[in-house]
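Student: Give me a model of this one.
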Amino acid sequence: MRRAPVHHYFEHRGYCWYVDVDQLPELPRWLRPFARFDPGAHFEGGPDDSLRRRIDAFLARHGIDLRGGRITALLQAGVLGHVFNPVTLYWCHDTEGLLRYVVVEMHNTSGGRHAYLLPPTSDSPAMTTKKLPMSPFNGIDGYYLVKAPRPEAELDVMVSLHRENQPAFVATLRGIRRAATISEVLWLQWVAPLAPRMAAVEYRLQTLTLWLRRVPRASTDCPADETSFAPTISVSHAPRSQLS
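Tutor: Residues are numbered from 1 along each chain as shown. This next block holds a predicted model:
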């Protein structure tokens with residue numbers, strides 16, 4: 001929901017994967033084109049780096065060593081060669097299983113990306129300064145409030161962009177957790193075919209709508225960063241990472 005300079009609201013129904021980055025789903029060969037987990041779509045790293053290694057390298061640059069603690073992620077998998085991950089969430093635990101950090105990785109449609117390192121946000125939102133423009137209508141001014149409790153039976157994530165202590169943009173991601181059985185994955189291809197591509201198309205349609213409503217474009221000049229935000233998906237199913 002956009003509150004300024006015009007009021008604009010929409011919903012999109014789809015699905016995400018909730019996975020353990022050390023135990024990414026292993027689908028049957030014939031089903032793999034509908035759920036491909038490409039480490040190259042996240043963070044920086046070498047061509048052979050695993051997703052776990054890329055996350056650990058990001059944390060190490062912030063002086064953090066989980067010493068092998070569990071990391072779970074909520075992300076979009078590639079479908080038939082296409083992936084669209086405007087926002088990916090990571091829950092980072094220590095070796096005792098205690099949640100220590102939440103990482104919010106954002107991608108814009110121009111290929112830019114940035115990862116925000118936050119404390120656990122179950123009880124109250126965490127604040128972070130915006131570093132990367134996510135749409136032609138939002139520059140890098142303002143700050144985010146992020147509430148991203150670790151998914152249990154249900155998912156309820158909220159990210160809001162604030163300027164001058166007023167919310168300018170609010171995005172929510174809600175869903176029900178389901179086991180990623182073969183039948184469930186096949187069903188999702190029927191009810192949400194080509195999910196990443198359709199989400200990207202809808203995002204661009206919403207951008208066109210705002211342009212037609214004469215919303216002014218923002219400056220996107222900003223320093224390059226290592227790794228934005230307009231998570232247009234506000235209703236989501238989040239299957240578990242393992243197939244039964």
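Student: Least confident secondary structure element in this protein?
Tutor: Lowest mean confidence among the helices and strands of the chain (mean pLDDT, DSSP states H and E): strand 235-239, at a mean of 33.
Student: Would you mark the buried spots in stretch 51-64?
Tutor: For stretch 51-64, a neighbour-count test (16 or more other Cβ atoms under 10 Å) marks L51, R52, R54, I55, D56, F58, L59 as buried. Using the backbone N, CA and C atoms, a C-beta is placed for each residue, glycine as well.
Student: Just give me the closest of the residues you listed to R67.
Tutor: Nearest to R67 out of those is D56 (Cβ to Cβ; 10.0 Å).
Student: Quick check: the closest one vs D65, distance?
Tutor: Distance of D56 to D65, computed by Cβ to Cβ, to the nearest Å: 8 Å.
Student: same thing with G111?
Tutor: 30 Å.
Student: quick one: the helix ranked longest in the chain to chain centroid distance?
Tutor: The longest helix of the chain (DSSP state H) is helix 195-212. Distance of helix 195-212 from the chain centroid (Cα atoms, centre = their mean, to the nearest Å) equals 17 Å.
Student: Kindly report the same for stretch 87-95.
Tutor: 12 Å.
Student: Flag every buried residue along that stretch.
Tutor: V87, T88, L89, Y90, W91, C92, H93.
Student: ditto for stretch 185-201
Tutor: Applying 16+ other Cβ under 10 Å to stretch 185-201 flags V185, L188, Q189, A192, A195, P196, M198, A199, A200 as buried.
Student: Likewise for stretch 124-133?
Tutor: Those buried within stretch 124-133 under the rule 16+ other Cβ under 10 Å are A126, K130, K131, L132, P133.
Student: Tell me the one among these nearest to V19.
Tutor: Using Cβ to Cβ, the buried residues of stretch 124-133 come closest to V19 at A126, 22.4 Å.
Student: what about the longest strand in this protein?
Tutor: Taking DSSP state E as the criterion, the chain has its longest strand at strand 166-178.
Student: Now it - C-alpha only, PDB.
Tutor: Extracted in PDB, the C-alpha atoms of strand 166-178 (Å, rounded to 0.1, in the frame of the first residue of the first chain):
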ATOM      1  CA  GLN A 166       5.200   9.100   8.300                       C
ATOM      2  CA  PRO A 167       4.800   5.800   6.400                       C
ATOM      3  CA  ALA A 168       5.000   6.300   2.600                       C
ATOM      4  CA  PHE A 169       4.900   2.700   1.600                       C
ATOM      5  CA  VAL A 170       3.800  -0.500   3.500                       C
ATOM      6  CA  ALA A 171       4.200  -4.000   2.200                       C
ATOM      7  CA  THR A 172       3.000  -7.200   4.000                       C
ATOM      8  CA  LEU A 173       3.800 -10.800   3.200                       C
ATOM      9  CA  ARG A 174       1.300 -13.300   4.800                       C
ATOM     10  CA  GLY A 175       0.900 -17.000   4.200                       C
ATOM     11  CA  ILE A 176       0.200 -20.500   5.500                       C
ATOM     12  CA  ARG A 177       3.000 -23.000   5.800                       C
ATOM     13  CA  ARG A 178       2.500 -26.200   3.900                       C
END
